[in-house]
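Novice: attaching a predicted model along with its sequence, questions to come.
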Amino acid sequence: MTIHSDHPFVPPEGERVPLRRLRGRMPAPVTVWTTGVGRDRQGLTISSVLVADGEPARVLGLVDPDSDFWDADPQAFVVNVLGGEHRFLADAFAGTAPAPGGRFTLGGWTDSAWGPVLAGTAGWMGVRRDGAEPREVGWGLLVEAVVEHVEVGDADAMVHLRGRYRETDPGA
């Protein structure tokens, strides 16, 4: 076996897609969208998120149409805004890290009217789809939901930037 200093899944410099490189330089929030109760709980890490204030306020996100979260046909769900201590949990819900015993064994979870809420986050929103059918945007589905409940937590939000998780700097 040979050990290389290069990342095995990063294309060589001349083969990298400029749009992906630019997108990677734009900080994105790290959220886990969750739905269901008990054994029917599902969740997915989503960083393509936009919150629009208004009457009513809305949240929009790009959801993987092949995910277990989307297969659950969520009508109501929770948008958990992760903090720095949730790095491994974010990878587990993204499907890039193992979660022996299941993803919901990571962290402390409580049930809400919208779905599972993770303890110790930067905050969470309870949301409900408004009946509009999602449409394909790029490789995802653009899902829109009405914000029905908001709680702000004490953790500093985590962002994804240039392929790494980083905590936001509240003093900046």
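Specialist: In hand now; what should we look at?
Novice: what's the distance between the most centrally placed residue in the chain and Met26?
Specialist: With distances taken as CA atoms, centre = their mean, Ile46 lies nearest the centre of the chain, 2.5 Å away. To Met26, Ile46 is 15 Å away according to CB to CB, to the nearest Å. All C-beta atoms are positioned from the backbone trio N, CA, C, and that covers glycine.
Novice: over to Gly126?
Specialist: Taken as CB to CB, the span from Gly126 to Met26 is 27 Å.
Novice: and if you look at Gly120?
Specialist: Counting by CB to CB, the gap from Gly120 to Met26 is 26 Å.
Novice: show me which of the two is the more surrounded one.
Specialist: Neighbours per residue, other CB atoms under 10 Å: of Gly120 and Met26, the larger number sits with Gly120, 14 against 11.
Novice: ok, now which ones touch that one?
Specialist: Taking CB atoms under 8 Å, 6 or more residues apart in numbering as the criterion, Gly120 is in contact with 83, 85-86, 107-108, 153-155.
Novice: closest one to Ala99 out of those residues, please.
Specialist: Gly107 (10.6 Å; CB to CB).
Novice: how many other residues sit next to the closest one?
Specialist: Neighbourhood size, Gly107 [other CB under 10 Å]: 19.
Novice: quick one, helices of this protein?
Specialist: For the chain, the helices defined by DSSP state H occupy 18-23, 68-71, 87-94.
Novice: out of those, deepest packed?
Specialist: Most buried of those by mean neighbour count (mean count of other CB atoms under 10 Å) is helix 87-94; its value is a mean of 20.
Novice: so what touches that helix?
Specialist: Against helix 87-94 from outside (CB under 8 Å, 6+ apart): 30, 32, 43-45, 82, 97-99, 103, 106-107, 118, 158, 165.
Novice: point out where this structure drops to low pLDDT.
Specialist: 1-11, 16, 169-172 (pLDDT under 70).
Novice: strands of this protein, residue ranges please.
Specialist: 28-29, 31-35, 42-46, 49-52, 58-63, 76-81, 109-111, 116-118, 123-129, 135-137, 140-152, 158-161, 164-167 (DSSP state E).
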